[in-house]
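> Please work out how this folds:
(2 chains, ligands or ions: 2)
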Amino acid sequence: MSFASDTYYMFLRWMKKLVRNPILLFFSLFQPIIFLVLFTQLFSSFGLLLGGNYTLFATAGIVLQNAFSSAFQSGTAIVDDIKSGFLTKILATPASRSSILLGRLLSDAFRVFAQSLIILLLAYGLGVFPATGIFGYILILITVAFFGLAWSGISLALGLRTKSAETVFGIAGTLTFPLLFMSSALMKPDLMPKWMQTVSSYNPISFAVNAIRDLIMTGYVWSSFSQAYGVISLISVITLGATLYEFKKVVS
Amino acid sequence: MPAVQVENLVKTYGDGTQAVKGISFKVDDGEFFGFLGPNGAGKSTTIKILTTLLRKTSGSADVAGHDIEHDAQIVRKLIGVQMQDTVIDEDLTGRENLMLQGHLQQMHGEELKERVNELLKIVDLGDAADKRSAYYSGGMKKRLDLASTLVHRPKILFLDEPTTGLDPQSRAQVWSYLKGLNQEGITIFITTQYLEEVDRLCRRLAILDHGEIVAQGTPSELKSEIGADRITLGFENGNRGDGTLKDKAKQVLSSLGGITEIVDSDEGIVIYAKNGGFLVPDIVRAFDTAGIKLASIGVSSPTLDDVFLKHTGRRIRPEEIDKSRASGMFGRRRR
Ligand SMILES: Nc1ncnc2c1ncn2[C@@H]1O[C@H](COP(=O)(O)OP(=O)(O)OP(=O)(O)O)[C@@H](O)[C@H]1O
Ligand SMILES: [Mg+2]
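Ligands and ions are numbered 1, 2, ... in the order given. Alright, predicted model coming up:
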């Protein structure tokens, strides 16, 4: 079927582009490593407050933080394709329109999957092993990839709308830290000021973090798991819907 | 069945710019068709519409016998498009660029591999095929771009200034590929600034100005329409002559008989006259009497340059056009 093959070749193109840009590749891996090593060292004494090992606690947060910032690169990639005219060139072929988006999204998901695996392996080196074992690893990676897709949607929609990489970067940069710190990613909400606790409890990152943290520290907790999937699905519908809407405007 | 049939095509952009104002023309199957016009005339806009990349405002257009809107998918399989700005994926090798293009045209396996090899040879990229295209020279990139429009053996090729920015040698090479393709039966629809090549290769051409077709026909028809020789008059101070001097000169000229047309040009004044050679002494005498100093005077038989000048009041200057390039279709929209 042409839709499947078009999607595959678009996906393949993005993978090649990623692998051939060592700097991009380096930085997309560098950041999570920095986070894992520096954050867990810097905040290691939190472990006492939290009543346990901080690295064990923070791994879930770092995996998701990485997914979050990685997803934001998607929008700048589509801006490049618009600016260079490559998108136009693809549109001049009979290639399925939706395969153009899907190919990109799949490559995003794959990248986040690989990055998260690296973080988990490093964390393993630091003594973190999920309570749910090997199957837990798989579940974590799938959840993170799904989470990444939901955020890729925002970045793609922004890129398609503004056609400016600077804008996408600017918005991403501004959002990242407040969203990260006002979530349960790096800190137990009980230890936050009251207002931040409130923000954190509505912060979508918290939902995903809690699900993954449970998989790592506790075991299968279906309530956190189903909540996370509910929230991620909701966000996906909104952000990917916006992407589709903006994409249609660009290609028509 | 004509390769391209356009009736009353209109394009008004969102910001109100009327880029194409109701043009009609036809390109026959197998023709080498030149689509000329000064900057901003609406050439690229027309090409984008015909290649299904931009929606028309009104009118109708058939490409390869299919309506461009209703049968857009069919049209996309039958045409190849080279945009004004060179577009290749510089992270991919030359071969990978062509393979991707083929895959998206539903070509696969050995057939595609062979076709890509063949094309790489045709555009002389055989040796560089597996090198990252980022490292290609400008001419190589342009040739790769051209090859990528040919992978699926299109019946009609739309080329928006395929040789602009190339050195004379690469330019000649591209024109000779195009000639070969046309001889194989591919219809070529081309916009370009190079009128000599148009004169040699295009069977027919249309001139677009401010969104309207101001002339169309074969090169020899259009040249003979001028029906006169060209006399170029240059004035002192850098050949141009200031406005008042030119006005005075035009007054003097209009009192002379035998002149069919007087046109302002960057070089001074161009006039068209039957048997122009005989008029030279009269002109010199008249200017002498009026006290206007002539710096130069030249007589030649008409070229497409003259056709272009006559219909648009402008001359094509490829070198300057290269510099004033705006970016691609989406880049321009928001500015
Ligand atoms: N996306 C757009 N939105 C608004 N106006 C546009 C857009 N694209 C082109 N135009 C305008 O439409 C007119 C025709 O532009 P077009 O690019 O078709 O000209 P052209 O003949 O290809 O010129 P050139 O020789 O410079 O390539 C110009 O006035 C241009 O500014
Ligand atoms: Mg143009």
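> Just checking, which helix or strand of chain B averages the lowest pLDDT?
helix B:329-333 (a mean of 36; mean pLDDT, DSSP states H and E).
> other SSEs contacting the worst-scoring helix or strand of chain A on mean pLDDT?
Here the helix or strand of chain A ranked lowest by mean pLDDT, DSSP H and E is helix A:46-50, holding a mean of 73. Helices and strands touching helix A:46-50, by 3 or more Cβ pairs under 8 Å, 6 or more residues apart in numbering or on different chains; DSSP states H and E, are helix A:54-71. (C-beta placed from N, C-alpha, C; glycine too.)
> Does chain B have contacts with the helix or strand just after the helix it packs on?
Next helix or strand after helix A:54-71 toward the C-terminus (DSSP states H and E): helix A:73-84. Yes: using Cβ under 8 Å from any Cβ of the partner chain, helix A:73-84 comes into contact with chain B via A:82, A:83, A:84.
> Next up, identify which helix or strand the closest residue to ligand 1 within the stretch 1-150 of chain A is on.
Residue nearest to ligand 1 within the stretch 1-150 of chain A: residue A:88 (11.9 Å; Cβ to the nearest ligand atom). In this assignment (DSSP H and E), residue A:88 forms part of helix A:86-91.
> quick check, distance from the helix or strand hosting residue A:147 to the centre of its chain.
Assessed by DSSP H and E, residue A:147 sits inside helix A:133-162. Taking the mean of its C-alpha atoms, helix A:133-162 sits 4 Å from the chain's own mean (Cα atoms, centre = their mean, to the nearest Å).
> Pull out the buried residues from that helix.
Across helix A:133-162, burial judged by 16 or more other Cβ atoms under 10 Å in any protein chain shown covers A:136-137, A:139-141, A:143-162.
> Stretch A:221-240 too?
A:221, A:224, A:225, A:227, A:228, A:229, A:231, A:232, A:235, A:236, A:239, A:240.
> Format these as TSV; extra columns: distance to residue B:185 and pLDDT.
Shown next, in TSV, are those (distance: Cβ to Cβ, whole Å; pLDDT from 0 to 100):
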residue	distance to residue B:185	pLDDT
A:221	69	89
A:224	66	90
A:225	63	90
A:227	64	93
A:228	60	92
A:229	57	94
A:231	59	94
A:232	55	94
A:235	54	93
A:236	50	93
A:239	49	93
A:240	45	93
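> Let's have those residues in CSV, adding secondary structure.
Shown next, in CSV, are the buried residues of stretch A:221-240 (DSSP: H, G, I helix; E, B strand; the rest coil):
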residue, secondary structure
A:221, coil
A:224, helix
A:225, helix
A:227, helix
A:228, helix
A:229, helix
A:231, helix
A:232, helix
A:235, helix
A:236, helix
A:239, helix
A:240, helix
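> hang on, the earlier thing: check the residues of helix A:73-84 next to chain B against ligand 1, which are close?
Taking Cβ under 6 Å from any ligand atom as the test, ligand 1 is in contact with none of the residues of helix A:73-84 next to chain B.
> and residue 38, what are its phi and psi?
Answering for chain A, as no chain was given. With angles defined as degrees, to the nearest 10, residue A:38 sits at phi -70, psi -50.
> check contacts around it.
Under the criterion of Cβ atoms under 8 Å, 6 or more residues apart in numbering or on different chains, residue A:38 has no contact partners.
> do the same with residue B:93
Applying Cβ under 8 Å, 6+ apart, the residues contacting residue B:93 are B:129, B:130, B:131, B:132, B:133.
> so how many other residues sit close to the last one?
Put plainly, it is residue B:133. Using other Cβ atoms under 10 Å in any protein chain shown, residue B:133 has 22 neighbouring residues.
> And it, how close does it get to ligand 1?
Per Cβ to the nearest ligand atom, to the nearest Å, residue B:133 is found 24 Å from ligand 1.
> For chain B, state which of the residues of helix A:73-84 next to chain B is nearest.
Closest approach to chain B among these (Cβ to the nearest Cβ): residue A:82, at 4.7 Å.
> Got the confidence number for the closest one?
pLDDT recorded at residue A:82 is 93.
> and what of residue B:320?
44.
> next one: phi and psi at the residue in the stretch 1-150 of chain B positioned nearest to ligand 2?
At 3.0 Å from ligand 2, residue B:44 is the closest residue in the stretch 1-150 of chain B, using Cβ to the ion. Dihedral pair for residue B:44: phi -60, psi -40, per degrees, to the nearest 10.
> Residue numbers of the stretch 1-150 of chain B in contact with ligand 1?
So the stretch 1-150 of chain B meets ligand 1 at B:13, B:15, B:17, B:19, B:37, B:39-45, B:84 (Cβ under 6 Å from any ligand atom).
> got those as JSON lines, with pLDDT, neighbour count and distance to chain A columns?
Output for those, formatted as JSON lines (pLDDT from 0 to 100; neighbours: other Cβ atoms under 10 Å in any protein chain shown; distance: Cβ to the nearest Cβ, whole Å):
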{"residue": "B:13", "pLDDT": "95", "neighbour count": "14", "distance to chain A": "14"}
{"residue": "B:15", "pLDDT": "93", "neighbour count": "7", "distance to chain A": "15"}
{"residue": "B:17", "pLDDT": "94", "neighbour count": "13", "distance to chain A": "18"}
{"residue": "B:19", "pLDDT": "95", "neighbour count": "21", "distance to chain A": "17"}
{"residue": "B:37", "pLDDT": "91", "neighbour count": "26", "distance to chain A": "21"}
{"residue": "B:39", "pLDDT": "90", "neighbour count": "14", "distance to chain A": "19"}
{"residue": "B:40", "pLDDT": "91", "neighbour count": "14", "distance to chain A": "19"}
{"residue": "B:41", "pLDDT": "93", "neighbour count": "24", "distance to chain A": "20"}
{"residue": "B:42", "pLDDT": "95", "neighbour count": "24", "distance to chain A": "18"}
{"residue": "B:43", "pLDDT": "95", "neighbour count": "24", "distance to chain A": "16"}
{"residue": "B:44", "pLDDT": "95", "neighbour count": "24", "distance to chain A": "11"}
{"residue": "B:45", "pLDDT": "96", "neighbour count": "21", "distance to chain A": "13"}
{"residue": "B:84", "pLDDT": "88", "neighbour count": "21", "distance to chain A": "9"}
